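[1] sequence first, then the predicted structure:
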2 protein chains.
Amino acid sequence: MPVSLPKMSHPSRRMDESPAGVTIRDVARVAGVSVSTVSRVLNGKEDVAPETAATVRRVIEELGYASSLAARGLRSRATRVIGVIVQDMWHPFISMVIKGINEVTAAREYDLLAYAGARRSADAQARWEQQQVSQLNGTVTDGIIVVTPHAATYRTSFPVVAVDPNQANTEFPAVISTNRQGVLEAMRYLLALGHRRIGFITGRMDLRSAVRRFDGYRDALAEAGLPFDPSLTVEGDYTRAKGFEGAQWLLSQPDPPTAIMASSDDTALGVYDAADRLGLRIPDDLSVIGFDNTPTGALLHPPLTTVDQFIEKMGALAATIILDLVQGHPCETRLHKVPTRLVVRQSCRAISSDR
Amino acid sequence: MPVSLPKMSHPSRRMDESPAGVTIRDVARVAGVSVSTVSRVLNGKEDVAPETAATVRRVIEELGYASSLAARGLRSRATRVIGVIVQDMWHPFISMVIKGINEVTAAREYDLLAYAGARRSADAQARWEQQQVSQLNGTVTDGIIVVTPHAATYRTSFPVVAVDPNQANTEFPAVISTNRQGVLEAMRYLLALGHRRIGFITGRMDLRSAVRRFDGYRDALAEAGLPFDPSLTVEGDYTRAKGFEGAQWLLSQPDPPTAIMASSDDTALGVYDAADRLGLRIPDDLSVIGFDNTPTGALLHPPLTTVDQFIEKMGALAATIILDLVQGHPCETRLHKVPTRLVVRQSCRAISSDR
DNA sequence: CAATGCGCTGGAACCGGTTTCATCGAGTGA
DNA sequence: TCACTCGATGAAACCGGTTCCAGCGCATTG
C-alpha cells in the first residue's frame, strides 16, 4: 500500500469532517480489498472466498457502514423500494391505503417510501405529481403508487399504479371501489325500510368518486320509481363541517327527509352533529348512512351504518399489481374494482307505516 | 450535428425501451447545448443567456424531463427533502406526528419523505433503523427525524432528531412530552373530585413513556398522602383490548376503584367497553381519564376527559429543530419537552360524599 | 494595437455505488 | 513441462446529475 494514500485520505476524512459518512471505499481500504470485492459481498455474489467475505463483513459491522440508497439505484436498476406519492400523509383514507400497501410490500420484503410534497397551488399540483414520479423513479424506487386525487393522464416508462384516481381512463392501471354500486345498495336498504324522502349530501364534486356516489343515489331513486327531488340534495366536500351545514339545511326544510345518505363517514358525523343540535334522535327521528367505514364510525352513538369500501384492500391490491409490474409480469386489465359492502349497524330504523 | 449520432441514439432510446426515462443528456442534445448548460438552467444559475435558458426550458417542458433525485443528491449535498423513519405509517400517533412535521417542512418548502421498512424481528429493528438513516442520508435527504420506539443510541455524522425515543439520553436531540407531569395533573383533578380509590392501567412498559406515566400516578398518590395499592394497577400495552381486560379485572375486584386513569385514549376506550359490559355508567358509576387526546376521544359518549400531549406540536418542533440543524445552526439543548395539558370533558364526576 | 476583463459555454472530474472485463495464480490433464 | 481451465480479485467504465476550470468571442482600456 503506498504511503501517500493514507496521507491524502486521512486528513480529509477523519480530521476535517465527514459529511457523507463512511463509504464503500473506506470499507475497502480498511479491509484491504478493492471496492469491487466489497460490493460483491454486499450483494451476496457467489465468487468471493469465504474468509475474505467474513473479513469484509466484519469491517462493515465495525464501521457501521450502510450503502447509499441513491448511489446503488443509480447504476443497478433495482432498489427494493416501492414509492407512494400522496398529498396528505395523515389523512385517514390515505393512511389506510398505505397500511394496505405496506402489508403486501412488507410480506414480499420491499421497503416502502411515502413522498409528500410541499403544498402547492392546485394547478401546479398535477405537474408536481408527474415531476415526483420522474424524480423518484429510475433512481430511488422500483415502482410507484399514486394516491392523489389529481389526474394521472401523463405517460411514463416505468411502473405506476393509481389508487382512486380522479379520471376514469388513466394511462396506467388504477384501483377504484364501486362507488356507485355502494350507494345503490345503501339506498335499497333505506328504501326497503320504508323511507321515501331520503336526503343526500355529496362529496367533493370535483372528484370522480363523489360523482359516482351521486349517480348511485339517483339510480336508486329511479329504480324505485321515485322522482329525483333536487331540494333533497346538498353539496358537501367529504368534511364533517359541510355535513353539519348540509344536514342542518335539509332538516329545517318544510318537509324534511326521514333519512340522510352521506357521502362519507366524516359527513355522517356532521349529520350526527346537526341532529344533536336540532334535538333529533338517531335512528328514531332520522336514519343515517355513511360511506368509508372508518374506525370511528363504530364508536358513534348509535354505531353508524355505512358502506365499507375496503380501503386497505385497495392499497393491498395496488401493491400486488405494482409488484407484478416491477417483476415483469404485464398487467392484463387496466381498471381494478374493489367491491363495496354495506355494514349494517344501528343508525337506521324502519319508518312507521303512518307516513 | 453528425449523422451517426441520431442513428446510434434513436434505436436505443426510442425503439427498444427507455428504462430510465429522459435524462439531462437527452435534453442537452435536443436543445443543442451541453449538459452543463442544462444543469445551470435547472438550478437557476445567473450566467446563462436568456434566450438559451428559454430554449432549454421549452425542451424540458416538451420532453417532460425531471431530474433524478438520487443523482442530484449524490453530487450536491442538498436535496430539499426531510426524511422520517417510522415503523407503522398508519398508526394514529405517528400519523399525527407526521402531520405536524409536514406543516413546518411545507411552509419552508421542503418535501417530506417517510420511510417504513419491511417488518423485521424486534432485535433486528434497532440495526435496521440505523441502516436506514445511513441509507437515506448523504444522498436522498438533508436530515432525518426518527419516530420509532426503539433506541437511538448510535452516533451519526448528519442531522438526526428523535421523537418520543425509548431512551432518555440519546446521542442526538429528542422531542418528548411531559408524560409524568401529564398524569400527575390528571390525578390531581380526580383527587380534587374526591376520588380515593383510583385504578391505573399502564402502557407498554418496555417504553419509557409508559414508565413515566406510571411515575406520575404514584407521585400523585404520594403527594396526596395516599398509599400505593398494587392491586389497583394492571399492566396494559396502550391497546383497547388490554384496556378492556384490565378494566374488567379492576372493576370485578371486591373493592373496585371509583375512577380509572388509563395510559392512552385507546386504553380508555377499552375501559368504556368494560363499563358497558358490566353495566356501569360513565361518569355516574365510574370516572375515566385517557392520555393522548386523539380525535376519537371527543366522539365518545360521554366525551373523554384526557391529557393532550400535542402530538402535532411535537412533530412541528422536531421539524423546526432538524431544519435549523440542516441550515447549520447548532442546537443548544438536547432534550425538548412539550408540555401536556388536561382536557376536561364529561367522563369524570365528583364522587358523592357518602363514601 | 495589445492586454485585460467579462459574459457565456463546453469539457471533464467527481459523487458512491455496480458491473464488465482483464489479470493472476493454482490446479489439472496430456 | 506446458497449455488450459477456473476461482478470486482488482482496474476501469458507467449510472445521471453538479461543479470546477478553461476557453471563446467581444468590448473596454491604456
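    Cool, got the structure. This structure is a prediction, so every number in the text was calculated from the model and none was measured.
[2] where does chain A dip in pLDDT?
    By pLDDT under 70, the weakly predicted segments of chain A are A:1-20, A:118-124, A:149-155, A:168-169, A:353-355.
[3] what does it put close to DNA strand C?
    Within reach of DNA strand C by C-beta under 7 Å from any atom of the strand, chain A has these residues: A:20, A:23-25, A:35-36, A:38-40, A:42-43, A:65, A:67-68, A:71-72, A:74-76, A:78. Placement of C-beta: from N, CA and C, glycine included.
[4] drop anything exposed from the residues you listed.
    For these, a neighbour count by 16 or more other C-beta atoms under 10 Å in any protein chain shown gives the buried set as A:20, A:23-24, A:38-40, A:42, A:65, A:67-68, A:71-72, A:74.
[5] can you narrow those to ones near chain B?
    For chain B, the contacts drawn from these by C-beta under 8 Å from any C-beta of the partner chain are A:20, A:65, A:67-68, A:71, A:74.
[6] would you check which pair of those lies furthest apart?
    A:Tyr65 and A:Leu74 (17.9 Å; C-beta to C-beta).
[7] run a quick neighbour tally on A:Ser352.
    Counted by other C-beta atoms under 10 Å in any protein chain shown, the residues lying close to A:Ser352 total 9.
[8] that one in helix, strand or coil?
    coil (DSSP: H, G, I helix; E, B strand; the rest coil).
[9] next, the buried residues of the helix or strand where A:Arg29 lies.
    Per DSSP states H and E: A:Arg29 is located in helix A:24-31. Under the neighbour-count criterion of 16+ other C-beta under 10 Å, helix A:24-31 has A:24, A:26-31 buried.
[10] and it, how far out from the chain's middle?
    In terms of C-alpha atoms, centre = their mean, to the nearest Å, the centre of helix A:24-31 is set 41 Å apart from its chain centre.
[11] do the same with stretch A:315-325
    Per C-alpha atoms, centre = their mean, the centroid offset for stretch A:315-325 relative to its chain is 12 Å.
[12] hmm, who's touching that stretch?
    A:82, A:96-105, A:108, A:110, A:143-145, A:159-163, A:173, A:175, A:331, A:336, A:338 (C-beta atoms under 8 Å, 6 or more residues apart in numbering or on different chains).
[13] likewise stretch A:83-93?
    For stretch A:83-93, using C-beta under 8 Å, 6+ apart, the contacting residues are A:94-95, A:98, A:101, A:112-117, A:125, A:129, A:132-133, A:136-137, A:140-141, A:143-149, A:164, A:292, A:294, A:311, B:89, B:95-96, B:98-99, B:102, B:112, B:114.
[14] in helices only, show me those residues.
    Residues of these located in helices (DSSP state H): A:94-95, A:98, A:101, A:125, A:129, A:132-133, A:136, A:311, B:95-96, B:98-99, B:102.
[15] which of the residues you listed sits closest to DNA strand D?
    A:Leu136 (11.9 Å; C-beta to the nearest atom of the strand).
[16] follow-up on the earlier one: of the contacts of stretch A:83-93, just the buried ones, ChimeraX syntax please.
    Those of the contacts of stretch A:83-93 that count as buried under 16+ other C-beta under 10 Å are selected in ChimeraX with:
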select /A:94,95,98,101,112,113,114,115,116,117,125,129,132,133,136,137,140,141,143,144,145,146,147,148,149,164,292,294,311 /B:89,95,96,98,99,102,112,114
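[17] wait, what's in contact with A:Leu136?
    A:83, A:85, A:113, A:115, A:144, B:69.
[18] may I see the buried residues of the host helix or strand of A:Gly216?
    A:Gly216 belongs to helix A:208-223 when assigned by DSSP H and E. With burial defined by 16+ other C-beta under 10 Å, the residues of helix A:208-223 counted as buried are A:208-214, A:216-221.
[19] which one of those is nearest to chain B?
    Using C-beta to the nearest C-beta, A:Ser209 comes nearest to chain B of these, at 20.3 Å.
[20] A:Asp215 is in contact with that closest one, correct?
    No. Counting by C-beta atoms under 8 Å, A:Ser209 does not reach A:Asp215; the two are 10.6 Å apart.
[21] what about the nearest residue in space to A:Leu193 that is not next to it in sequence, distance to A:Ala224?
    Closest residue to A:Leu193 apart from its sequence neighbours, by C-beta to C-beta, 6 or more residues apart in numbering or on different chains: A:Ala350 at 4.4 Å. Going from A:Ala350 to A:Ala224 by C-beta to C-beta, to the nearest Å gives 16 Å.
[22] great, nothing more from me.
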